[in-house]
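Novice: Predicted coordinates and the sequence they were generated for:
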Amino acid sequence: MIKPILKQFETLREQGRKAFAVLIDPDDVRLDEFPLLLQRAEKEQVDYFFIGGSLITQFHMGDIIALIRQHTRIPVVLFLGSNMHVHPAADAVLFLSLISGRNPEYLIGQQVVAAPMLKKSGLEVLPTGYLLIDAGRQTTASYISNTTPIPNDKPAVAACTAMAGEMLGLRLTYLDAGSGALKAITPEMIAAVRQSVETPIIVGGGIDSAQKARTALEAGADVVVVGNGIERNPDLLPEIAATVRHYNAQYA
Ligand SMILES: CC(C)=CCC/C(C)=C/CC/C(C)=C/CC/C(C)=C/COP(=O)(O)OP(=O)(O)O
Ligand SMILES: O=P(O)(O)OC[C@@H](O)CO
Ligand SMILES: [Mg+2]
């Protein structure tokens, strides 16, 4: 039996293994070209698809998930900007609470509205402390959520925020510089969070080279997420997949 996804993340963390998640922004998917990416992802042993966006204007999330099922066995995890984007055909949902911000709507409001729907959906719910980190420019997620990201040179703020999230019972920590970030999260910040919590750590935003992925993994990320970088340059997918495989072969 395939382990639930939270258990998979916790096992990675316990064993020192790493995983690679490809972020699919539904609005940027061309359904005719998508199977090519999927075949590549399957061949390169991508571990997860994260799917979602701050805004979704194309109503084809169901078609996207159906194509993923047709071409791969890679689990699909919803990464949502809004409770209106929930789709029951996925495997799991990152149940984000935006704990770096002070906007109650994104700390608990969206979650209250989504809860009954999620309970019925059969989706695995992954309680996640979500931290937006300054990216060198305003990102869609910080604009839409109306929250101030944590300054990227303040690792202690991120560490204390993650710690509080863990104490509140959140099981995953997601450090996100935001999609298309100019600056990826510093290794100092990732390491400070790693020393402060036991939860698996997901890191994303602005990872547009294999070297940046490796830096995040070495600093303590358990899962790296790449979206824009692969949209711009599909050859980055095999490069990052090889980096993660190499890391796992070397250290696990
Ligand atoms: C789990 C439920 C029910 C809701 C979550 C609602 C919360 C708390 C969201 C957090 C804030 C937020 C708006 C996050 C968005 C995260 C995301 C999917 C980012 C992907 O990138 P985009 O922000 O779409 O960037 P682009 O502008 O590059 O498309
Ligand atoms: O698109 P990129 O910059 O890779 O960001 C991935 C994800 O963490 C954004 O929320
Ligand atoms: Mg988007």
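Specialist: Good, I have the coordinates. Predicted model only: the values in this text are computed from it and were never measured. Ligands and ions are numbered 1, 2, ... in the order given.

Novice: Report the contact partners of residue 208.
Specialist: By Cβ atoms under 8 Å, 6 or more residues apart in numbering, the residues touching residue 208 are 184, 226, 228-229, 232-233, 236. Bear in mind the C-beta positions are built from the backbone N, C-alpha and C, glycine included.

Novice: And whichever residue of the chain sits closest to ligand 2, its phi and psi?
Specialist: Residue nearest to ligand 2 within the chain: residue 204 (2.2 Å; Cβ to the nearest ligand atom). Backbone torsions for residue 204, taken as degrees, to the nearest 10, come to phi -150, psi 170.

Novice: Return the residues of the chain in contact with ligand 2.
Specialist: Neighbours of ligand 2 within the chain, by Cβ under 6 Å from any ligand atom: 23, 176, 178-181, 204-207, 225-229.

Novice: Show me the two of these that sit farthest apart.
Specialist: 176 and 229 (14.2 Å; Cβ to Cβ).

Novice: so how many other residues sit close to the residue of the chain closest to ligand 2?
Specialist: By the measure other Cβ atoms under 10 Å, the count of residues near residue 204 is 26.

Novice: separation between it and residue 229?
Specialist: 10 Å (Cβ to Cβ, to the nearest Å).

Novice: Kindly report the same for residue 72.
Specialist: As judged by Cβ to Cβ, residue 72 and residue 229 stand 20 Å apart.

Novice: Neighbour count for those two, which is higher?
Specialist: residue 229 (23 against 19).

Novice: Report the secondary structure element holding the nearest residue to that one once chain neighbours are set aside.
Specialist: Among residues not flanking residue 229 along the chain, residue 208 sits closest, at 3.6 Å (Cβ to Cβ, 6 or more residues apart in numbering). Residue 208 belongs to no helix or strand when assigned by DSSP states H and E.

Novice: State the pLDDT value of residue 208.
Specialist: Note for residue 208: predicted pLDDT of 97.

Novice: Let me see the backbone angles for it.
Specialist: phi -120, psi 20.

Novice: how near is it to residue 247?
Specialist: Distance, residue 208 to residue 247, by Cβ to Cβ: 18 Å.

Novice: same check, this time on residue 97
Specialist: Per Cβ to Cβ, residue 97 is found 29 Å from residue 247.

Novice: swap in residue 84?
Specialist: Residue 84 is 37 Å from residue 247, by Cβ to Cβ.

Novice: the more surrounded of those two?
Specialist: More crowded of residue 84 and residue 247, by other Cβ under 10 Å: residue 247, with 19 against 10.

Novice: Surely the more buried one is in contact with residue 221?
Specialist: No: if you go by Cβ atoms under 8 Å, residue 247 and residue 221 don't touch, sitting 10.4 Å apart.

Novice: what's the overlap in contacts for these two?
Specialist: Residues touching both residue 247 and residue 221 (Cβ under 8 Å, 6+ apart): residue 18.

Novice: Return the subset of the contacts of residue 208 lying in strands.
Specialist: Among the contacts of residue 208, the residues falling in strands (DSSP state E) are residue 226.

Novice: so what's residue 194 up against?
Specialist: 201, 219-220.

Novice: Then residue 121?
Specialist: By Cβ under 8 Å, 6+ apart, the residues touching residue 121 are 86, 88.

Novice: show me where the stretch 51-200 of the chain has helices.
Specialist: Using DSSP state H, counting those that start in this stretch, the helices of the stretch 51-200 of the chain run over residues 61-71, 104, 110-121, 140-145, 155-167, 187-196.
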